[in-house]
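>>> sharing a model prediction with you, sequence too.
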Amino acid sequence: MKMKRFAALLLAALMVLSLAACGSSSTSSQPSGSAEVNLDGDFTATELRVAIWDNNQRAGLQQIADEWTETSGVKVNVEVIDWGNYWTLLEAGANGGDLPDVFWMHSNTAQMYMENDLLLNLDPYIAADANVNLDNYYEGIVDLFTRSDGIHFAVPKDHDTNALLYNKAIFDQYNVAYPEDTWTYEDMYEAAKAIYEASDGNIYGVAMNTNNNQDSWYNFVYSYGAQVITDDHKGTTIGSEEGKNAMEMVRKLLTVGAPQSVVAETGTDSLFMSGKVAMIMQGSYMINAYYTADNHEDYYWAMLPYADVNGNGTCEKEERYTAYNGLGWAAAFNTKDPNAAYSLISAFCCEAGQIKQSELGVTMGGMPGVSEAFASAFPGMDISAFIRIEEEGSLFFRPYTRNTTIWEDKLTQSGGFLDAWQDPSDPELMRTACDNAQKIIEDAIAAE
Amino acid sequence: MREKRTRRKIDAAEKNEMLWGYAFVAPTIIGLIILNFYPVINTIWQSLCKTGDFGRGNTFVGIKNYQAVLTAGETWHSLWNTIKYALIEVPFGVAIALVLAVFLTKKLKGTSAFRTIFFLPMVCAPAAVAMVWKWLYNQQFGLLNNIFHTNIAWISDPKIAWISIAIIGVWSIIGYNMVLFISGLQEIPGDYYEAAEIDGASGIRQFFNITVPLLSPTTFFIVQTRVIGALTVFDLMFMVMDTTNVALQNVQSIVYLFYTYAFTNGNKGYGAALVMVLVVFIMLVTRIMQTAEKKLVYHA
């Protein structure tokens, strides 16, 4: 019996131990900047794990990283995890203390990661780095990755805007005039309708999934004078009359667009590339996918239409809005070699790295003045619409709150906008959806 | 524990043997504790907490999560979706597998080839299976709609999507059930069939009067494990259906809902409470089946 008691004790001890082990791994032990800052090579790490979510950018970024490897001697392994799973994996990594060394941060979740000390405090490294000066980057993006106490946790990687992509072959086939800079959303609807009707519903005028927010319906909302998240990040005006007018326009487009049952099964990009859709709105980070597509010679970019709110027939600056967003390169709080991790971030974000990124056609830069090369990175395709809108229209930073994903996901689903998307013929459904959206966002902010 | 029995002294050899015994079971026991017992206890604890970001700063809130879970229409809707899925997957998965097993234990040409074919879905990764079916079902470019010249939204029409999903479930599980049935069939002595044949019983009569009752322990085992398996289904819905799919609400299982709350929204406490509700439900169902076993299963 002694043996049994001993075994029981042993088991109990093990249990406590395993509890303790798990406990200690989930509490943070931030190496409090005491690690010596030394960016001149001599790194202890032999390999860095880098995680991103966009496969279109992998090759270009790997190339920049490989050049860094030549001088640093540290191998860089870029892993691509799709957007949905990226955050699940990152969170699991954060819980278990096994984050990638260097990774992308996004406005949806940056605040949560910063508040929980999961990212490396970059300030001592930036101070020691002659190549990076945060004043040179887009202010909105720098702010996004600055915690309330002023510590910077990521360096801006890029910025993106949106444009209207159309398939010239389809416009030619149905004899409809191409999109122009003078287009209002109403004009866009008329063209979409003409194509949809002329093709007996075989070709959709537009395609928009409920989750196409940043590249699609968010832009309507701001152009019509409402805000998805107000400037103080504490509220929304989506349920206002302006918001409802914007979503009414979206609804009209959906009546001549691909039904929700179609876009939920096949992505809007795939539908467009298979010639089922005449127009879609896309972010600049998607250009490469269309540039390398089979029928790329038919694809053209135009500026996003504007909303003629005051009815004077010309576009005021605040009637044409595009969302812009910027990612940041961040490092894990517990990365084995913070010097190597920061050095890689610096290679991506310093002016030379940013220009290289533009030249390779990865994305536009995180600082003004480095994106000219991007426009010419796609010979044969005019992508100036993405850059022109920054001058001729207005930009709003992608709406975010402390935990954006919660309300953002709810908006895409039933009880949010999904019901109206599913049955766009009923204007009342869309108005109700706007009211619901107002409540969803307010409730989510209240629970943060 | 006071033992009246006089204790025999353990000699050195026995003691040694015992230690080795413990040493050999230790890996399993430690594994069980770390991978099963600890998470179970932790889940129960989390279900009573308002969990903080990244598993930090949990605050005890008592049964609040349970109240929220049990009063949400979503919970019951998902539970009903899960039951609907089980109601298709289990009966069809068992019945079709049984018929196949009976045919494949007959002395026919090519039985081993067919056994392999039917078992193949079991070998494939569930994610791969789901992706292939997703494309078969695709409304625009799917093989099914193209062959039959239809335009059915197989996985986006709320009325039929749950059936489409359950069909994938049946297809995936038939092979596994079949193999279990085959081994069960091989244990039925041939004498019964010979005797029945002499008495002039037809094949169908033999099937219902000999095979079905003598196979009932196997059948029960399969039904029980599959019911539990079906009630915890997740990967099919997760892989096949997009989160903006209009039919998702009518298809998502309770584990899917758990995943959404616990991992997508990061609300571990609510997720834990949700999964505890499922555990209680499965326990109830198992209890009912255990009672039924005594009446329905024929032990020779």
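Looks like it arrived, so ask away.
>>> got the buried residues for stretch B:271-283?
For stretch B:271-283, the neighbour count (16 or more other CB atoms under 10 Å in any protein chain shown) marks B:271-278 as buried. (C-beta placed from N, C-alpha, C; glycine too.)
>>> and the stretch of helix or strand A:A278 belongs to, C-alpha only, in PDB?
Using DSSP states H and E, A:A278 maps to strand A:277-283. C-alpha atoms of strand A:277-283 as PDB (Å, rounded to 0.1, in the frame of the first residue of the first chain):
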ATOM      1  CA  VAL A 277     -17.600  39.700 -63.000                       C
ATOM      2  CA  ALA A 278     -17.100  43.100 -64.800                       C
ATOM      3  CA  MET A 279     -15.800  45.200 -61.900                       C
ATOM      4  CA  ILE A 280     -14.500  44.700 -58.400                       C
ATOM      5  CA  MET A 281     -12.800  47.000 -55.900                       C
ATOM      6  CA  GLN A 282      -9.400  45.900 -54.700                       C
ATOM      7  CA  GLY A 283      -6.500  47.000 -52.500                       C
END
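>>> give me the sheet partners of it and which way each runs.
Paired strands of strand A:277-283, with direction, are strand A:162-167 (antiparallel), strand A:204-206 (parallel) (DSSP bridges).
>>> any chance of CSV for those strands, columns distance to B:Q249, mean neighbour count and mean pLDDT?
Formatted as CSV, the strands paired with strand A:277-283 follow (distance: least, CB to CB, whole Å; neighbours: other CB atoms under 10 Å in any protein chain shown; pLDDT from 0 to 100):
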stretch, distance to B:Q249, mean neighbour count, mean pLDDT
strand A:162-167, 30, 24, 96
strand A:204-206, 24, 27, 96
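>>> which one of those strands lies nearest to B:F54?
Closest approach to B:F54 among those (CB to CB): strand A:162-167, 32.2 Å.
>>> chain center to that closest one, what's the gap?
17 Å (CA atoms, centre = their mean, to the nearest Å).
>>> after that strand, which helix or strand is next?
Next along from strand A:162-167, by DSSP H and E: helix A:168-173.
>>> would you mind listing the buried residues in the helix or strand that comes right after that following helix?
Going down the chain from helix A:168-173, the next helix or strand is helix A:185-198, by DSSP H and E. Neighbour-count burial for helix A:185-198, counted by 16+ other CB under 10 Å, picks out A:185, A:187-196.
>>> show me the domain layout of the chain.
With no chain named, the answer covers chain A. The record's domain parsing of chain A by automatic domain parsing lists A:44-159+A:325-369, A:162-324+A:380-447.
>>> oops, I was thinking of chain B
If you go by automatic domain parsing, chain B breaks into B:12-64, B:72-296.
>>> any chance of the domains of chain A in JSON lines, with distance to B:L48 too?
Listed next are the domains of chain A as JSON lines, based on distance: least, CB to CB, whole Å:
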{"stretch": "domain A:44-159+A:325-369", "distance to B:L48": "19"}
{"stretch": "domain A:162-324+A:380-447", "distance to B:L48": "19"}
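>>> quick one: closest of those domains to B:S183.
Comparing the domains of chain A by CB to CB, domain A:44-159+A:325-369 comes nearest, at 38.3 Å.
>>> okay, now the unreliable bits of the chain?
I'll assume chain A. A:1-35, A:41 (pLDDT under 70).
>>> think we crossed wires, I meant chain B
B:1-7, B:300.
>>> re the thing from before, switch the domains of chain B over to JSON lines; also include distance to A:N116.
Conversion of the domains of chain B to JSON lines gives the following (distance: least, CB to CB, whole Å):
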{"stretch": "domain B:12-64", "distance to A:N116": "5"}
{"stretch": "domain B:72-296", "distance to A:N116": "11"}
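>>> so can I have CSV of the ones you listed showing distance to chain A?
Formatted as CSV, these follow (distance: least, CB to the nearest CB, whole Å):
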stretch, distance to chain A
domain B:12-64, 5
domain B:72-296, 4
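>>> most tightly surrounded among these?
Ranked by mean neighbour count, the domains of chain B are led by domain B:72-296 with a mean of 17 (mean count of other CB atoms under 10 Å in any protein chain shown).
>>> now do the same end-to-end measure for it.
End-to-end distance of domain B:72-296: 37 Å, with CA to CA, to the nearest Å as the criterion.
>>> next: stretch B:184-196.
Stretch B:184-196: ends 19 Å apart by CA to CA.
>>> show residues contacting that stretch.
The contact list for stretch B:184-196, computed with CB atoms under 8 Å, 6 or more residues apart in numbering or on different chains, reads B:101-102, B:105, B:205-206, B:209-211, B:214-215, B:217-219.
>>> just stretch B:52-65 next, same as before
A:26-28, A:91, A:94-95, A:112, A:115-116, A:118, B:45-51, B:266, B:268-270, B:272-273.
>>> change it to 7 Å
Stretch B:52-65 has contacts (CB atoms under 7 Å, 6 or more residues apart in numbering or on different chains) with A:26-27, A:91, A:94-95, A:112, A:116, A:118, B:46-51, B:266, B:268-270, B:273.
>>> distance to A:P427 added to the strands paired with strand A:277-283, as a markdown table?
Output for these, formatted as a markdown table (distance: least, CB to CB, whole Å):
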| stretch | distance to A:P427 |
| --- | --- |
| strand A:162-167 | 24 |
| strand A:204-206 | 18 |
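>>> looking at the ones you listed, which is nearest to A:G243?
Of the strands paired with strand A:277-283, nearest to A:G243 by CB to CB is strand A:162-167, at 18.8 Å.
>>> good, wrapping up.
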